[in-house]
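K.L.:
Okay, sequence plus prediction incoming.
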Amino acid sequence: MQQAKYLIPDLYTADPAVHVFNGKVFIFPSHDVESGIPENDNGDHFDMRDYHVFSTDDIENGVLTDHGVVLDVKDIPWAGRQLWDSDAAHKNGKYYIYFSLKDKNDVFHIGVAISENPEGPYKAQDAPIKGSYSIDPCVFEDEDGSHYMYFGGLWGGQLQRYRNNKAIEVGQEPADEESALCSKVAKLTENMLEFSEEPRDVLILDEQGEPLKAGDHSRRFFEASWLHKYNDKYYFSYSTGNTHLLCYAIGDNPYGPFTYQGVMLTPVVGWTTHHCITKIKDKWYLFHHDSQPSGGRTWLRSLKVVELTYNADGTIKTIQGQVSEN
Ligand code: FUB
């Protein structure tokens, strides 16, 4: 699969999480809508209200089934507004959606919803995960069956309002020469509903072994964490936000530190860029979104898939974001 292909022409979808459950490919995206809210740095224009789940037997040529609305903001007891990026996981016969949502005080947290089937419907817990904040959960299952959640996002994602997992009075990014804010990682409890530990910083180091600086906008973490394992190495990938790149860093364990490697996807049409990396059968794929089909309306995004390939040394071959003709 050389060319990127749009996956869901009939619905605006973004922020993909893709998993193979019971031999079938399941896609858990955000569902973009025309909110009518003017664009701002707070992301108010991303006013999403529900999730659909999609599945297929063959990601390259198969028909995609839309399983309809599997979770609606009106059914989440603690909901305020804005159902942003989510991820899904499976353990002991149950399926979990982890989602970003603002509470009634307009503060982002991460919630969990549970189902007996990957295609839902999902029922949300009464409260968000204790100690969770900010956005963009990614749940990675390691080979020993442990699950780790990565999360966080700057600006509208509110990560700058926290230090050491506590809300601070004046939430600003550090000065340019200080260390950048990090994505967070915490192991989940056996029942998949809580953090089993205090979230830790996902440190990204430069080639000198120094943490990336806050002013290093073309490399520092902004949002959209994803973790995958390739040849026994842990690959932490993320968006640089205001420089619109998808980058990655490699580490030896799920907590890192991770060493910055390079750009995986150059900028796409639209402000946000967000992805996941999934192995399906014997190939690796990059799922991401762009705003090309909506004519550049950055809050109306469309999901794409393209094959992801590695060099012999384990580095990822950079994909061009704006080459698709579909
Ligand atoms: O979809 C809303 C937000 O846009 C996501 O949570 C971010 O990662 C960005 O894609």
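P.N.:
The structure has been received and is ready for your questions.

K.L.:
C-alpha from now on. contacts and neighbour counts both.
P.N.:
Noted.

K.L.:
Grab the nearest non-local neighbour of residue 187.
P.N.:
Leaving aside its chain neighbours, residue 187 sits nearest to residue 148 (4.2 Å; criterion: Cα to Cα, 6 or more residues apart in numbering).

K.L.:
Spell out which parts of the stretch 201-326 of the chain neighbour the ligand.
P.N.:
Residues of the stretch 201-326 of the chain that fall close to the ligand, judged by Cα under 6 Å from any ligand atom: 223, 224, 272, 273, 274.

K.L.:
would CSV of these with neighbour count, secondary structure and pLDDT be doable?
P.N.:
Below are those laid out as CSV (neighbours: other Cα atoms under 10 Å; DSSP: H, G, I helix; E, B strand; the rest coil; pLDDT from 0 to 100):
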residue, neighbour count, secondary structure, pLDDT
223, 28, strand, 98
224, 30, strand, 98
272, 25, coil, 98
273, 30, coil, 98
274, 29, coil, 98
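
K.L.:
got a markdown table for those residues, with distance to residue 66 too?
P.N.:
Converted to a markdown table, these look like this (distance: Cα to Cα, whole Å):
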| residue | distance to residue 66 |
| --- | --- |
| 223 | 27 |
| 224 | 24 |
| 272 | 24 |
| 273 | 23 |
| 274 | 21 |
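
K.L.:
nearest to residue 105, of these?
P.N.:
Ranked by distance to residue 105 (Cα to Cα), those are led by residue 223 at 21.8 Å.

K.L.:
now the nearest residue to the closest one once chain neighbours are set aside: how far from residue 247?
P.N.:
Among residues not flanking residue 223 along the chain, residue 153 sits closest, at 4.0 Å (Cα to Cα, 6+ apart). Look at residue 153 and residue 247: by Cα to Cα, to the nearest Å, they are 15 Å apart.

K.L.:
Pick out whichever of those two has more residues nearby.
P.N.:
Taking neighbours as other Cα atoms under 10 Å, residue 153 and residue 247 compare with residue 153 leading, 27 against 23.

K.L.:
so the more buried one touches residue 159, yeah?
P.N.:
Yes - Residue 153 is within contact range of residue 159, at 5.4 Å (criterion: Cα atoms under 8 Å).

K.L.:
can you list residues touching both of the two?
P.N.:
Counting by Cα atoms under 8 Å, 6 or more residues apart in numbering, the contacts common to residue 153 and residue 159 are 134, 135.

K.L.:
Buried residues of the host helix or strand of residue 284, list them for me.
P.N.:
Take DSSP states H and E as the rule and residue 284 turns out to sit in strand 283-290. Within strand 283-290, the residues that qualify as buried are 284, 285, 286, 287, 288, 289, 290, counting by 16 or more other Cα atoms under 10 Å.

K.L.:
thinking again about what came up before, pLDDT score for the residue nearest to residue 223?
P.N.:
The model reports residue 153 with a pLDDT of 98.

K.L.:
Report all helices and strands that the strand holding residue 284 contacts.
P.N.:
For strand 283-290, the elements it packs on are strand 13-14, strand 275-280, strand 302-307, judged by 3 or more Cα pairs under 8 Å, 6 or more residues apart in numbering; DSSP states H and E.

K.L.:
No further questions, thank you.
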